[in-house]
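Enquirer: Could you look at this predicted model? Sequence included:
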Amino acid sequence: MRKKIVTVSLIALFVSFSSGTVNATPYTGADIELFGDQYSDISGTVNNPRWFNVTDGGIRTNWTGWVEYSVTLDSGNWNVGLNVSNYGNLGNNNWYSHFKVQNSFSSDTMEIAASADEIHFGHVNLDLTAGDYTVRYSWMNDKWDPANGLDANIQIENVFFDNTSTAPVPEPATMLLFGTGLVGLACMRLRKNKKE
């Protein structure tokens, strides 16, 4: 029984620490968060036909397109990115698994998991001086398969600018797993003390 408790506790701790590197949940707790529809400029016009408003302040496009967001930032090290989901039929992961999004702040193309059920994020980390900034996000890999009813469409839930001197809010799942691991360790300690 003791071996089972130790094993379960160690697995819970491992999962809680390792899950922080997985982009399976939204990036939350950033210093500045803008809804998808709080853009400063877009390719085409909303609803004609490049970008479409969606509920809760998001926007989506079914074409390869770009959108810009403008903010005023202090000097510092910043995580600059966006939270996205898929609008449309993804099919299975062999057909379409990732959005490729170019960030105008760097030459990097972010690969963000495409999911109709979860929000995923991508970001770049930059040292910036104080000033006004505009970042352009360009969706690079529009994919459509009308014969099979498959149509991937990027949906931007929000964008974020996070000064790394302030820690983002941990995702609830990570905190739950971490807490489970701590409870398991505490139980082990109590059992050990009772035997002594």
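Expert: Received it, and whenever you're ready, just let me know what you need.

Enquirer: My guess is residue 34 contacts residue 69. True?
Expert: Yes. The pair residue 34 / residue 69 is scored as a contact, 5.6 Å apart, by Cβ atoms under 8 Å. C-beta here means a position set from N, CA and C on the backbone, and glycine is covered the same way.

Enquirer: any residues in contact with both of those two?
Expert: Both residue 34 and residue 69 are contacted by residue 159, under the criterion Cβ atoms under 8 Å, 6 or more residues apart in numbering.

Enquirer: Who has more neighbours out of the two?
Expert: Each of residue 34 and residue 69 has its neighbours counted (other Cβ atoms under 10 Å); residue 69 has more, 24 against 19.

Enquirer: Contacts only, for that one.
Expert: Contacts for residue 69 were tallied using Cβ under 8 Å, 6+ apart; they are 34, 38, 39, 40, 134, 135, 137, 159.

Enquirer: Mind picking out the helix or strand in the protein with the poorest mean pLDDT?
Expert: Averaged element by element with mean pLDDT, DSSP states H and E, the chain has its least confident helix or strand at helix 2-18 (a mean of 44).

Enquirer: one step back: if you look at the contacts of residue 69, which of them are in strands?
Expert: Judged by DSSP state E, the subset of the contacts of residue 69 located in strands is 34, 134, 135, 137, 159.

Enquirer: Return the member of these nearest to residue 152.
Expert: Nearest to residue 152, judged by Cβ to Cβ, of the ones in strands among the contacts of residue 69 is residue 137 at 16.0 Å.

Enquirer: Next, count neighbours for the closest one.
Expert: 26.

Enquirer: so where is the chain shaky, pLDDT-wise?
Expert: For the chain, residues meeting the criterion pLDDT under 70 lie at 1-24, 45-49, 166-196.

Enquirer: Okay, helices next: where are they in it?
Expert: With DSSP state H applied, the chain shows helices at 2-18, 172-195, listed in chain order.

Enquirer: So residue 91 sits against residue 150, correct?
Expert: Yes. The pair residue 91 and residue 150 passes the contact test of Cβ under 8 Å, sitting 4.5 Å apart.

Enquirer: that older thread, I'd like to know which of the contacts of residue 69 are buried.
Expert: For those, burial is judged from neighbour counts taken by 16 or more other Cβ atoms under 10 Å, and it is met by 34, 39, 135, 137, 159.

Enquirer: Pull the contacting residues for the second one.
Expert: Shown in contact with residue 39 (Cβ under 8 Å, 6+ apart): 59, 67, 68, 69.

Enquirer: between those residues, which is nearest residue 84?
Expert: Proximity of the contacts of residue 39 to residue 84 was ranked by Cβ to Cβ; the top entry is residue 59 with 10.5 Å.
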